[in-house]
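# Pasting the sequence and the predicted model now:
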Amino acid sequence: MTALDELREEALGLAGRLRRLLRQMPRPALPRLSRPRLGSPAGVLLAAAFTLVLAAIAHIVSILAMPALAERNAYARLSERTDSNVLVMLPDATPQEAALPMMDPAFVSAVCLYDLSEGPLKVRVPATSDYTSVSFYTAEGLAFYALSDQAAGKVIELDLMTPSQKAALPEDEEITAADRLVIESPSQEGIVAVRAFVRARGMRELVRKQLDAASCSTAN
C-alpha cells in the first residue's frame with residue numbers, strides 16, 4: 001500500500017467518524033411535519049448531499065497530496081535516463097509507451113534535469129521551423145516559468161539560478177539586457193522541458209536535428 005492509499009483510507013475513516021459524531025449530537029426539536037422522515041425524499045437527499053460533501057473532501061485531499069506522495073514522479077523517472085545539467089532528446093511517444101505521461105505526439109520533446117548546487121544553469125534553445133517552447137518545473141512537478149519563441153525570437157536563451165545565486169551577481173552586471181533573461185528557481189533541482197511542434201510527419205527528423213543545437217549546462 002502506497003502513502004497515497006494510506007492517506008485516502010485515513011480521510012475515509014475521518015469521514016466515518018464525523019458521521020458518527022453528528023449522529024450523537026443533540027438536535028433541536030423541530031415541528032413534526034417539517035422533520036424529514038427516514039426513507040422520505042427529503043431524508044434521502046440530505047443523506048446523499050452529506051455523503052457527497054465528505055467524498056469531495058477526501059478526493060480533494062488526495063489530489064493535493066499526490067505530487068508530494070508520488071513515489072515515481074517525472075523527475076524520478078527521468079533521473080533513470082539521464083544525468084543532471086544535460087539536455088537529452090526523448091523518444092517519440094507511441095500508444096504503447098511514452099517517456100512521460102500525456103506526451104503530445106505532435107511535438108518533439110527534450111528534457112534537462114537541472115541541479116543548481118554547482119552554479120547557475122545556461123539554457124539555449126534555437127527556434128525550430130514552427131512553435132518552440134521551454135518550460136521549467138520543480139522536482140515535485142510545480143511549473144514556475146515558461147517561454148516560447150514567439151516571445152523570445154529566433155533563440156530562447158536564459159540563465160536559471162537560485163535566489164541566493166542571483167543576489168550574488170555583481171551589481172554592475174547587466175542582467176536585464178534583452179539578450180539575457182535571468183530566471184529564479186524556487187528549488188535547487190528540477191526539470192527543463194523543451195517542446196517543438198512538428199507540422200507534418202515528414203518534418204520530424206528535421207525538427208529533431210534543429211533541437212540538437214539546444215544546450216543546458218552549468219555556467220562557467
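Perfect, I can see it now.
# going forward, measure contacts between C-alpha atoms and count neighbours the same way
Will do.
# Could you pull up the mean pLDDT of whichever strand or helix holds Val111?
Using DSSP states H and E, Val111 sits within strand 107-115. If you average the pLDDT over strand 107-115, you get 93.
# so after it, what's the next helix or strand?
strand 121-126.
# which helices and strands sit right next to that following strand?
Here strand 121-126 touches strand 155-161, helix 204-211, strand 215-218, going by 3 or more CA pairs under 8 Å, 6 or more residues apart in numbering; DSSP states H and E.
# closest to Ala106 out of these?
Comparing those against Ala106 with CA to CA, the closest turns out to be helix 204-211 (9.1 Å).
# Packing partners of the strand holding Val111?
Using 3+ CA pairs under 8 Å, 6+ apart: strand 107-115 touches helix 74-79, strand 87-89, strand 189-197, helix 204-211.
# Least confident of the ones you listed, on average?
Note on those: helix 74-79 shows the lowest mean pLDDT, a mean of 77.
# Could you check that one and say which residues are buried?
Residues of helix 74-79 classed as buried: Ala74, Tyr75, Leu78 (neighbour count, 16 or more other CA atoms under 10 Å).
# isn't Gly119 right up against Ala219?
Yes: taking CA atoms under 8 Å as the definition, Gly119 is a contact partner of Ala219 at 6.6 Å.
# domain assignment for the chain?
Listed domain ranges for the chain are 3-71, 75-218 (source: automatic domain parsing).
# Identify the residues contacting the strand holding Val111?
75, 78-79, 82-92, 121, 188-198, 204, 207-208, 216 (CA atoms under 8 Å, 6 or more residues apart in numbering).
# Kindly calculate the angle that it makes with strand 121-126.
On the basis of axes from the mean of the first three to the mean of the last three CA atoms, to 10 degrees, strand 107-115 is oriented at 170 degrees to strand 121-126.
# hey, what's Gly190 bridged with?
Counting by DSSP bridges, Gly190 is bridged to Tyr114, Thr138.
# and the residue lying closest to Met103 once chain neighbours are set aside, which of the three is it?
Nearest non-adjacent residue to Met103, counting by CA to CA, 6 or more residues apart in numbering: Ala93, 6.4 Å away. Following DSSP: H, G, I helix; E, B strand; the rest coil, we place Ala93 in the coil state.
# what's the neighbour count on Ala93?
Neighbours of Ala93 under the rule other CA atoms under 10 Å: 19.
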